[in-house]
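Engineer: Pasting the sequence and the predicted model now:
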Amino acid sequence: MSEPTKQRHLLQGNEAIVEGALTAGCRFFAGYPITPASEIAEQLSIKLPAVNGTFIQMEDEIASIGAIIGASLAGVKSMTATSGPGFSLMQENLGFACVAEVPCVIVNVMRGGPSTGLPTSPAQGDVQMARWGTHGDHSIVVLAVSTVMDSFTITVKAFNIAEKYRVPVILLSDEVVAHTRECVELPDTSEIKVVDRIRPSVPPDWYKPYEGDARGVAPMAAFGDGYRHHVTGLIHDIMGFPTQKPGEVEEFHLRQTKKITRGFPDIQMTKGYFLDDAETFVIAYGAVARSALRAVQDAREAGIKVGLLQLITLFPFPRRTVAPLLGQCRSVLIPEMNLGQMSREIQRVNQGSCNVVKYNRIDGKFITPREIYGQLIKL
Amino acid sequence: MPIPAQALRHKYLRHNKKFPHVWCPGCGNGIVMGALLRAIYRLDIDQDDIVLASGIGCSGRMPTYLDFNTLHTTHGRALTFATGVKLARPELNVVAIMGDGDATAIGGNHFIHAARRNLNLTAIIINNSIYGMTGGQYSPTTPFGSKSTTSVYGHIEHAFSIAELAVTAGASFVSRATVYHADLLDRLIEQAIEKRGFAVVEVISNCHVQYGRRNKLGGAVDMLKRFKEQSVTVSRAAKMSPEELEGKTTIGVLVDRDLPISTEEYKKVRQKASTLKEKL
């Protein structure tokens, strides 16, 4: 009997993130127990040592993100996973990863907040924290998964973006996706594109650890590879040493922002459904996008010309995709499990060109297809 | 054999980094930096194989000047980054350099857990009893009754001993010196780097600008003389009564024990996991 190329698995979202991470080449995980993200740590504690990787449970989430930054600087693809309270603790070192341009993936399986909040209930309340949580001006990549399959493929993409652009990437999941079990066909590893960071090609004496190429990205040497260099959370010049010269400081900020926000299509990901002739449409992300898809399909069957734009990348906001759609439609519905964190962003881009309707739940309950359908027929 | 200072300067100071450093004249940090370099020189470790991590504060600036793989992390977090580096590349010598507030206030949790975890890391803590860089606020090691910018009426909290904390938390090697005892400091840092397991060197240092001045302890030289008078070696301390030891600082190796190292233990975990790999 020949081996099937595609294997079918019954996985929950958290497990699919683990599979995605391992496929992408993640070989280091540091984390701290927290609901509803703990399965990621548990699974990786079993699987990482089997592939010569390393798992460690740290004393808190501050230490967890510190450890993954350290491992990444030593040349190993790294990840941590947490939920709201832990993500709050990570904000300081997240800024370090931004400033020092350290590739890593931070998974936040969102639960109800603020504070201890609703630990076992779904929410999407951390969207703007993911964007603005760490202090100071910075740009950041935030991705959201909506299904178990997404949890696999988008995790691979999160690592690829992190490596290609030398940035931390925040992967937002939520309690619904994390704990839903679905049958998925994982692609053969040979079919998956895995990106590794660019290493310096010059001799160590010539190496400038923070001199960007045309994309604004600098080659990255690992500690121990002979390219002795300095890594700091202070604003630094292209050699990595602290600077306060206004010209160098401004250049530093602009390069870091441009490399993320210039609009590279592999960073700004969306998925469209029935958009071509849509008169109204839904913009959704995370678990809510799957309810929205079902509602849109039902509405199409009932003859309503409605489409769905699923945001995979929340930040940098995929303006180039969203703005034209807002211009061609009558109304847009934005269902979210928060008080309107992405709708702010959409209203900003919309500038009054179409009617923006929010639909929000903050009671710890998931937004169902029926609710979205009910809103759609009113548009 | 004495090491020519010029050789150290040429070999280990960064030529492309603009000096002078940020430290005040007479600061103990330079003595610690010298001791660290002499230890590395004697041990003949390749510069590419050393990672020097620091936190925030005056001590945090040390890696900037030195030609190793250097990592200036966030306040209190040097050991967390160092843990990641060490686990990812166990063959590297990873040294964390921290201050007292850095390692035992904001980073206190990381410090005790790093000691408990017993990775093969070296932790050097420069204890000057004050937050120097931010202007002289009290730290976890500021003595009771002392004056600082946040205890102008006299400090009402008790200081704790960093070295004893490390012993209790389970470090393999714990030692203490002062910046007066530079020769001892050289040897302790050398031993700590060589030690397999979590190794701590607490260095009692002077901040005459922010601490000495407010507490009428004189300048740098006066403070160093005081360190000389206050210190007793571990062997002498063993023969002294608790009353005699009041106000004294014990210097030397406090603990040197062989414990399982987590990087070594993890190799066993990998072996067990790889036998299960087929099932995964």
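Structural biologist: Arrived safely.
Engineer: mean confidence score for the helix or strand hosting residue B:51?
Structural biologist: Per DSSP states H and E, residue B:51 falls inside strand B:50-54. In this model, strand B:50-54 has a mean pLDDT of 98.
Engineer: Name the SS class of the closest residue in space to residue A:139 that isn't next to it in sequence, please.
Structural biologist: Nearest residue to residue A:139, sequence neighbours excluded (CB to CB, 6 or more residues apart in numbering or on different chains): residue A:260, at 4.1 Å. Heads up, the C-betas are built off the backbone N, CA and C, glycines and all. When classified by DSSP: H, G, I helix; E, B strand; the rest coil, residue A:260 comes out as helix.
Engineer: Residue A:260 and residue A:110, how far apart?
Structural biologist: Look at residue A:260 and residue A:110: by CB to CB, to the nearest Å, they are 22 Å apart.
Engineer: what about the two, which has more around it?
Structural biologist: For residue A:260 versus residue A:110, neighbours defined as other CB atoms under 10 Å in any protein chain shown are more numerous around residue A:110 (32 against 21).
Engineer: Once you drop chain neighbours, what's closest to the more buried one?
Structural biologist: residue A:174 (4.4 Å).
Engineer: what helices or strands is the helix ranked longest in chain A leaning on?
Structural biologist: Counting residues, the longest helix found in chain A (DSSP state H) is helix A:148-165. Where contact means 3 or more CB pairs under 8 Å, 6 or more residues apart in numbering or on different chains; DSSP states H and E, helix A:148-165 is packed against strand A:7-12, helix A:13-24, strand A:104-110, strand A:141-144, strand A:168-174, helix A:175-179, strand A:181-186.
Engineer: and the stretch 101-250 of chain A, which residues reach chain B?
Structural biologist: Neighbours of chain B within the stretch 101-250 of chain A, by CB under 8 Å from any CB of the partner chain: A:222-226, A:228-234, A:239, A:241-242.
Engineer: how about 7 Å then?
Structural biologist: Proximity of the stretch 101-250 of chain A to chain B, by CB under 7 Å from any CB of the partner chain, involves residues A:223, A:224, A:226, A:228, A:230, A:231, A:232, A:233, A:234, A:239, A:241, A:242.
Engineer: Domain parsing of chain A, as residue ranges.
Structural biologist: Per the record, chain A has its domains at A:7-191, A:270-376, by automatic domain parsing.
Engineer: Which of those has the highest mean neighbour count?
Structural biologist: Highest mean neighbour count among the domains of chain A (mean count of other CB atoms under 10 Å in any protein chain shown): domain A:7-191, with a mean of 23.
Engineer: Just the endpoints, please. Distance across that domain?
Structural biologist: End-to-end distance of domain A:7-191 (CA to CA, to the nearest Å): 13 Å.
Engineer: Is it correct that the residue nearest to residue A:110 is in contact with residue A:124?
Structural biologist: Yes - here residue A:174 reaches residue A:124: they are 6.2 Å apart, a contact under CB atoms under 7 Å.
Engineer: Spit out the residues that contact those two alike.
Structural biologist: Counting by CB atoms under 7 Å, 6 or more residues apart in numbering or on different chains, the residues touching both residue A:174 and residue A:124 are A:110, A:286.
Engineer: which intervals of chain B have sub-threshold pLDDT?
Structural biologist: B:1, B:17-18, B:277-280 (pLDDT under 70).
Engineer: Any residues of it in contact with chain A? List them.
Structural biologist: Residues of chain B lying close to chain A by CB under 7 Å from any CB are B:16-17, B:47-49, B:51, B:63-64, B:67-74, B:77, B:80-85, B:87-89, B:92, B:109-110, B:113, B:266, B:269-270, B:273-274, B:276-277, B:280.
Engineer: Drop anything exposed from these.
Structural biologist: By neighbour count, with 16 or more other CB atoms under 10 Å in any protein chain shown, these hold B:17, B:48-49, B:51, B:63-64, B:67-74, B:77, B:80-85, B:87-89, B:92, B:109-110, B:113, B:266, B:269-270, B:273 as buried.
Engineer: Where do the helices of chain A begin and end?
Structural biologist: With DSSP H, the ranges of helices along chain A come out as A:13-24, A:38-47, A:61-73, A:84-99, A:127-132, A:148-165, A:175-179, A:246-261, A:287-301, A:319-328, A:341-350, A:369-376.
Engineer: want to try JSON lines for those helices, with distance to residue B:124 and mean pLDDT as columns?
Structural biologist: Output for the helices of chain A, formatted as JSON lines (distance: least, CB to CB, whole Å; pLDDT from 0 to 100):
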{"stretch": "helix A:13-24", "distance to residue B:124": "35", "mean pLDDT": "98"}
{"stretch": "helix A:38-47", "distance to residue B:124": "31", "mean pLDDT": "98"}
{"stretch": "helix A:61-73", "distance to residue B:124": "17", "mean pLDDT": "98"}
{"stretch": "helix A:84-99", "distance to residue B:124": "21", "mean pLDDT": "98"}
{"stretch": "helix A:127-132", "distance to residue B:124": "36", "mean pLDDT": "98"}
{"stretch": "helix A:148-165", "distance to residue B:124": "32", "mean pLDDT": "97"}
{"stretch": "helix A:175-179", "distance to residue B:124": "42", "mean pLDDT": "96"}
{"stretch": "helix A:246-261", "distance to residue B:124": "30", "mean pLDDT": "95"}
{"stretch": "helix A:287-301", "distance to residue B:124": "48", "mean pLDDT": "98"}
{"stretch": "helix A:319-328", "distance to residue B:124": "49", "mean pLDDT": "94"}
{"stretch": "helix A:341-350", "distance to residue B:124": "45", "mean pLDDT": "96"}
{"stretch": "helix A:369-376", "distance to residue B:124": "59", "mean pLDDT": "97"}
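Engineer: All good on my end, thank you.
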